[in-house]
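Peer 1: attaching a predicted model along with its sequence, questions to come.
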Amino acid sequence: MKINSYAQRVLDEVKQRYHWESEFIQAVSEVLESITALLDQEHRYEKERILERMLEPERIISFKVPWRDSKGNVQVNRAFRVEYNSALGPYKGGLRFHSSVTLSTLKFLGFEQIFKNSLTGLPMGGGKGGSDFDLKGKTDIDVMNFCQSFMTELWRHIGPDTDVPAGDIGVGVREIGYLFGQYKRIRNAFEGVLTGKGLNWGGSLIRPEATGFGCVYFADEMLKTKGQSLEGKVCLVSGFGNVAWGVVQKVNDLGGKVVTLSGPDGLVHDQDGIKGDKVQYMLEMRASGMDRAEDYAKEFKVPFYAGKRPWGIKCDLAFPSAIQNELNDQDAKELLKNGCQCIAEGANMPVTLPAIKLIQEAKILYSPGKASNAGGVACSGLEMSQNSMRLKWTRQEVDQQLKKIMKNIHDDCVRTAEQYGVPGNYVCGANMAGFKKVAEAMIEQGLIA
């Protein structure tokens, strides 16, 4: 499919203006190339310069985070909050604490978040933030001191009706707790300003598992279009954090079997399946702060392959759930050779553009993260609703709402792809469906949006 001339012109401008921001350019390229059919029909988007307006964040906040570690030494980290688009509601998106965090990373994540949040149908704009703070080797006191310093600056830019951050890589319930405590102390207000909170103080049931649960629900809906289900399917999962943890649980619930986990150190292959106590052990791995998959292999006496990724193992489904660009074109070839029939992104942009091309040419089921990993932010939206109403829903109520949202996202992707002449293309369907809703809101709100 030839890219729309308007989209191509804007993409060329972005590549020239931000040539050093490779992750951001990759995310923009994927979206602009996949909404061609929509732009070919809706010429007013060019007249209103919607692409130019949508590609520039409404606001980027950059700040230093000075803090004192447990040995008494002063440390300084860099931090950002990218408030990308508020056409549909307050900015919403996670905070990432990881050594790899750059402004390019956060811009790509924030840009993706616009469409992901749009697809949920909930009133949320798109944003993202974080810092190059690395939890590896940090004490609990280190983490608390850093989080309190981080929030001492961030608090002035966020609020329940302005910007509602959540967790992401490196930011779990502990970190959200320290951030929320500092916000509450400064503002003297107990507000639903962060999601992913502890269950005893405003958090929602299922939130830690929600991204993984939603990804599996989406994959199950894709399989249904082929008259199949997850029952008896062998699945590959990368990572071992919250997303992978949720995927493993829900695959087990629906009758499938997960046989891999991975980390920066390498690959675990558990042919018996990751179930029972093994699932609980994933939480211990994350809590250790060591970021090692090999610990699982030692604990359960299964093979570990240093420096390897899961994608060379025979499977029915693959759930890349670790980090961006973890599955390249060579990995895609291995998956296709080994019989994989469905790939559902659990992480944000985990599949490279050349790999996506190969997967789509093979005509297997494939969903982009902005659709299949929207369960996390969907559950965050449900947490915001519970906070606003001063209510707490049961686990079953939240899970039912989540499943319904993921089914609606799936059906919206399918319907939109068919409407614009690319049936079965979930990338085009997701991007066009998410884009159209935001674009219409921007036009209706005038040049302020």
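Peer 2: Ah, there it is. Residues are numbered from 1 along each chain as shown.

Peer 1: the nearest residue to Ile158 once chain neighbours are set aside: what's it in contact with?
Peer 2: In space, and not counting its chain neighbours, Ile158 is closest to Val193: 5.8 Å by C-beta to C-beta, 6 or more residues apart in numbering. In short, each C-beta sits where N, CA and C put it, glycine included. Counting by C-beta atoms under 8 Å, 6 or more residues apart in numbering, Val193 touches Ile158, Gly159, Pro160, Val164, Pro165, Phe180, Tyr183.

Peer 1: now Arg185
Peer 2: If a contact means C-beta under 8 Å, 6+ apart, then Arg185 has no contacts.

Peer 1: what about it, which SS state?
Peer 2: What DSSP: H, G, I helix; E, B strand; the rest coil gives for Arg185 is helix.

Peer 1: can you pull out the helices in the stretch 101-250 of the chain?
Peer 2: Per DSSP state H, counting those that start in this stretch, the stretch 101-250 of the chain has helices spanning 103-120, 140-154, 173-187, 210-224, 242-253. These are given in chain order.

Peer 1: looking at these, which is closest to Glu33?
Peer 2: Relative to Glu33, the nearest member of the helices of the stretch 101-250 of the chain by C-beta to C-beta is helix 103-120, separated by 13.9 Å.

Peer 1: list buried residues within the contacts of Val193.
Peer 2: Among the contacts of Val193, the ones that count as buried by 16 or more other C-beta atoms under 10 Å are Ile158, Gly159, Val164, Pro165, Phe180, Tyr183.

Peer 1: what packs against the longest strand seen in the chain?
Peer 2: Using DSSP state E, we find that the single longest strand of the chain is strand 74-85. Packing partners of strand 74-85 (3 or more C-beta pairs under 8 Å, 6 or more residues apart in numbering; DSSP states H and E): strand 59-68, strand 91-97, helix 103-120, strand 126-131, helix 140-154, strand 163-167.

Peer 1: give the buried residues for it.
Peer 2: Under the neighbour-count criterion of 16+ other C-beta under 10 Å, strand 74-85 has Gln75, Asn77, Ala79, Phe80, Arg81, Val82, Glu83, Tyr84, Asn85 buried.

Peer 1: any chance of those residues in a markdown table with pLDDT as columns?
Peer 2: Supplementary listing: the buried residues of strand 74-85 in a markdown table, determined by pLDDT from 0 to 100:
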| residue | pLDDT |
| --- | --- |
| Gln75 | 98 |
| Asn77 | 98 |
| Ala79 | 98 |
| Phe80 | 98 |
| Arg81 | 98 |
| Val82 | 98 |
| Glu83 | 98 |
| Tyr84 | 98 |
| Asn85 | 98 |
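
Peer 1: using a markdown table, lay out those residues together with distance to Gln400.
Peer 2: Output for the buried residues of strand 74-85, formatted as a markdown table (distance: C-beta to C-beta, whole Å):
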| residue | distance to Gln400 |
| --- | --- |
| Gln75 | 45 |
| Asn77 | 40 |
| Ala79 | 37 |
| Phe80 | 36 |
| Arg81 | 33 |
| Val82 | 33 |
| Glu83 | 32 |
| Tyr84 | 30 |
| Asn85 | 29 |
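
Peer 1: of these, which is the nearest to Leu51?
Peer 2: The closest of the buried residues of strand 74-85 to Leu51 turns out to be Asn85 (C-beta to C-beta; 12.3 Å).

Peer 1: tell me who's in contact with that closest one.
Peer 2: Met54, Pro57, Glu58, Tyr91, Ile114, Gly125, Gly126, Gly127, Val438, Met442, Ala449.

Peer 1: mind redoing it with 7 Å?
Peer 2: Asn85 makes contacts with Met54, Glu58, Ile114, Gly125, Gly126, Val438, as judged by C-beta atoms under 7 Å, 6 or more residues apart in numbering.

Peer 1: how far away is the residue of the chain most remote from its centre from Leu122?
Peer 2: Farthest-out residue of the chain from its mean C-alpha position, per C-alpha atoms, centre = their mean: Gly72, at 35.4 Å. Going from Gly72 to Leu122 by C-beta to C-beta, to the nearest Å gives 45 Å.

Peer 1: hmm, Ala439 and Tyr45 touching each other?
Peer 2: Yes - Tyr45 is in contact with Ala439 according to C-beta atoms under 7 Å; the separation is 5.8 Å.

Peer 1: next helix or strand past the host helix or strand of Val377?
Peer 2: Using DSSP states H and E, the element containing Val377 is helix 375-389. In the C-terminal direction, the helix or strand that comes right after helix 375-389 (DSSP H and E) is helix 395-419.

Peer 1: just give me the neighbour total for Gly346.
Peer 2: If you count neighbours by other C-beta atoms under 10 Å, Gly346 ends up with 32.
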